[in-house]
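Predicted structure and sequence below. I'll ask about it afterward.
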Number of protein chains: 2
Amino acid sequence: MGAFKFRGAYNAMSQLTDEQKKCGVITHSSGNHAQAVALVGRLLGIQATVVMPNNAPAVKRTATEQYGATVVDYDPAETTREKISEDILKQHDYTLVPPYDHIDIVAGQGTAALELMDKVKTVDMLLVPCGGGGLLSGSAIAARGMNPACQIIGVEPELADDAAKSFHTGKLHTVKNPPTIADGTRTPSLGKVTFPLVREYVDDMITVSEKAIIDAVKFLFYRMKLVVEPSGALGVAALLSGAVKPGTQVGIIISGGNVDGNTMKQILNS
Amino acid sequence: MGAFKFRGAYNAMSQLTDEQKKCGVITHSSGNHAQAVALVGRLLGIQATVVMPNNAPAVKRTATEQYGATVVDYDPAETTREKISEDILKQHDYTLVPPYDHIDIVAGQGTAALELMDKVKTVDMLLVPCGGGGLLSGSAIAARGMNPACQIIGVEPELADDAAKSFHTGKLHTVKNPPTIADGTRTPSLGKVTFPLVREYVDDMITVSEKAIIDAVKFLFYRMKLVVEPSGALGVAALLSGAVKPGTQVGIIISGGNVDGNTMKQILNS
């Protein structure tokens, strides 16, 4: 479904018991994890319910429904997705498949870096986008295992720099509905599972401007011929904007590619 | 530079004599071959002049200039690019690097299929876009050499079906400024070199509608996360629209990706 979220959702949902699979699953997600849970649900025959903010990109909502999930809307200005999920969970025997804060999700998402490092063993710097920290912590564990000398750097939008602040201070910071174009990183904070992992396995956290993100999406479109959504382009943004001093062989996790035609149009025109 | 044309231009221009390299080259192209000659010129230190119709996509013209070539405009409604090129050739010692009708160009462009068949030896049907027939005839020769049983099919827009007509009748047909969105196939006809090769090595020629081309570009954008220009999506259009009955393992040459933001916007909105 065009993003690393599939890796985590499949790893988690394929390990559910038969009883859990029969009862169905629920998740909350701004988009890519929603699609991942919906698609894995279809592949494994598990009914999926997805709690989604009403400002999620249309392309992600449509795909989630097309994969067969039930979408429950909420207004992020009025309530939180965790609250809605809890209310629904009280009424049903669903299993919660969290978007990042679970060790099976972290392990699955980390296979992105595992594959990269398996192909190019000499990567000595790895740039990884950071939202809730599932991809980042999983990739960091995988990369560290493949090459202990590899420097692992998480990249966040300046407007959603909760993980960078948390990393540098050792205290969990949160942001609320950050207005970044990188909608995949609008998560409020790192999680109970991912925060300690990021602190232990990641070497540095850096931030990039909205302009750097937009420039990276344009570069990927016009030069690499890749459709990459803003969140997926954070690593490229860090490298091209000079926010990071590159290593000898830089690896970048670029994922996902679920961007509305209208959003891409705005980006290409800006 | 985002298209197979580089393969042909590099193969041809790297074989020029030192004297020819010193004098410079000229070509006529609606876009991708122009960029290819410009970029190869920069890489090999050869001055390049490009005759380009004034309705060529802006993204291709800009890139050609940025690679360091001199662009000479003409109005395709009033004259032909061959005529303009001849006039300039009379005044300079340039070597003409034709966009498709030369055996070195055909050989270079055919390496696209060579690489594909080298990676996946069991391809038993190959779909290849056809403009002037350089990519198609080169790919057909390469594919035939790699797997004699492979069926090679050229794909053209319905609105620019000169090669299909030529193939089926054995007589060279031409079209003039066909109004297809696939600007890379607005070539008037197959060439003296490519026509006999297409007749000998290609198994069939088929055409696809403008709608099928647009749907293919959208599919590649939204599902494959690839930026592909309309001409590059012809093979995918043939498969998805049902214009061809697929073989067991279908290979498709998808190239290039030089599409204006505005054109992509129109395609995604249609």
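Looks like it came in fine. Treat the numbers as computed from the prediction; the structure is a model and nothing was measured.

Double-check A:Leu268 against B:Gly261; I have them as touching.
Yes. Under the criterion of CB atoms under 8 Å, A:Leu268 is in contact with B:Gly261, at a separation of 3.3 Å. Bear in mind the C-beta positions are built from the backbone N, C-alpha and C, glycine included.

shared neighbours of these two, anything?
In terms of CB atoms under 8 Å, 6 or more residues apart in numbering or on different chains, A:Leu268 and B:Gly261 are both contacted by the residues A:Phe221.

Could you show which parts of chain A are in contact with chain B?
Residues of chain A that fall close to chain B, judged by CB under 8 Å from any CB of the partner chain: A:2, A:59, A:221-223, A:225-228, A:256-257, A:261, A:264-265, A:268-269.

Among these, name the buried ones.
Among these, those classed as buried by neighbour count (16 or more other CB atoms under 10 Å in any protein chain shown) are A:2, A:59, A:221-222, A:225-228, A:256-257, A:261, A:264-265, A:268.

which two of those lie the greatest distance from each other?
A:Val59 and A:Tyr222 (20.6 Å; CB to CB).

Apart from its chain neighbours, what residue comes closest to A:Ala113?
With CB to CB, 6 or more residues apart in numbering or on different chains as the measure, A:Ser139 is the residue that lies nearest to A:Ala113, at 3.4 Å, once sequence neighbours are left out.

now the one you found, what's its secondary structure?
In three-state terms, and counting by DSSP: H, G, I helix; E, B strand; the rest coil, A:Ser139 is helix.

Surely A:Thr49 forms part of a strand?
Yes. Under three-state DSSP, A:Thr49 sits within a strand.

So what's the residue count around it?
Here the number of neighbours of A:Thr49 (other CB atoms under 10 Å in any protein chain shown) works out to 21.

Strands of the stretch 101-250 of chain A, start to end?
Counting by DSSP state E, counting those that start in this stretch, the segments of the stretch 101-250 of chain A that form strands are A:125-129, A:151-157, A:204-208, A:250-252.

Direction included, what does the shortest one pair against?
The partner list of strand A:250-252 in its sheet, established with DSSP bridges, is strand A:125-129 (parallel).

neighbouring contacts of the strand it pairs with?
Residues outside strand A:125-129 that contact it (CB under 8 Å, 6+ apart) are A:113, A:116-117, A:135-136, A:139-140, A:143, A:150-156, A:182, A:184-185, A:231-232, A:234-236, A:238-239, A:244, A:246-253, A:255.

ok so, going back, A:Ala112 is in contact with the residue nearest to A:Ala113, correct?
Yes. At 6.1 Å, A:Ser139 counts as touching A:Ala112 under the criterion of CB under 8 Å.

Common neighbours of these two, please.
A:Ile253.

Among those two, which residue is more densely surrounded?
Ranked by neighbour count (other CB under 10 Å), A:Ser139 and A:Ala112 place A:Ser139 first, with 31 against 21.

Now do the same contact list for the more buried one.
So, once contact is read as CB under 8 Å, 6+ apart, A:Ser139 ends up touching A:109-110, A:112-113, A:126, A:128, A:152, A:253.

which one of those has the most neighbours?
Among the contacts of A:Ser139, the one with the most neighbours (other CB under 10 Å) is A:Gln109, at 34 neighbours.

That residue and B:Gly261, how far apart?
31 Å (CB to CB, to the nearest Å).

Hmm, A:His168 is touching A:Met205, no?
Yes. Under the criterion of CB under 8 Å, A:His168 makes contact with A:Met205 at 6.8 Å.

and those two? which has more neighbours close in?
Relative neighbour count places A:Met205 above the other of A:His168 and A:Met205, with 21 against 12, counting by other CB under 10 Å.

Could you pull up the residues touching that one?
Going by CB under 8 Å, 6+ apart, A:Met205 touches A:130, A:153-156, A:163-164, A:167-168, A:198.

If any of those residues are buried, put those into a PyMOL selection.
Buried subset of the contacts of A:Met205, written as a PyMOL selection, criterion 16+ other CB under 10 Å:
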select buried, chain A and resi 130+153+154+155+156+163+164+167+198
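
Mind picking the one among the contacts of A:Met205 that's closest to chain B?
Using CB to the nearest CB, A:Val155 comes nearest to chain B of the contacts of A:Met205, at 19.6 Å.

Look at the closest residue in space to A:Tyr94 that isn't next to it in sequence and give its secondary structure.
For A:Tyr94, the nearest residue in space outside its immediate sequence neighbours is A:Ile26; the separation is 4.1 Å by CB to CB, 6+ apart. When classified by three-state DSSP, A:Ile26 comes out as strand.

Count residues in the vicinity of A:Ile26, would you?
The burial count assigned to A:Ile26 is 25, neighbours taken as other CB under 10 Å.

same check, this time on the one 5 residues further on
The burial metric for A:Gly31, expressed as a neighbour count using other CB under 10 Å, is 28.

Looks like it contacts A:Asp183 (just checking).
Yes. With contact defined as CB under 8 Å, A:Gly31 and A:Asp183 form a contacting pair (6.5 Å).

A:Glu82 sits in which helix or strand?
Assigned by DSSP states H and E, A:Glu82 belongs to helix A:81-91.

Just give the nearest non-adjacent residue to A:Thr185, would you?
Among residues not flanking A:Thr185 along the chain, A:Gly131 sits closest, at 4.0 Å (CB to CB, 6+ apart).

what's near enough to touch the one you found?
Applying CB under 8 Å, 6+ apart as the definition, the contact partners of A:Gly131 turn out to be A:100, A:160, A:184-187, A:231.

who's in contact with whatever residue of the stretch 1-150 of chain A ends up closest to chain B?
Nearest residue of the stretch 1-150 of chain A to chain B: A:Gly2, at 5.7 Å (CB to the nearest CB). Neighbour list for A:Gly2: A:32, A:35, A:256-258, B:223, B:225 [criterion: CB under 8 Å, 6+ apart].
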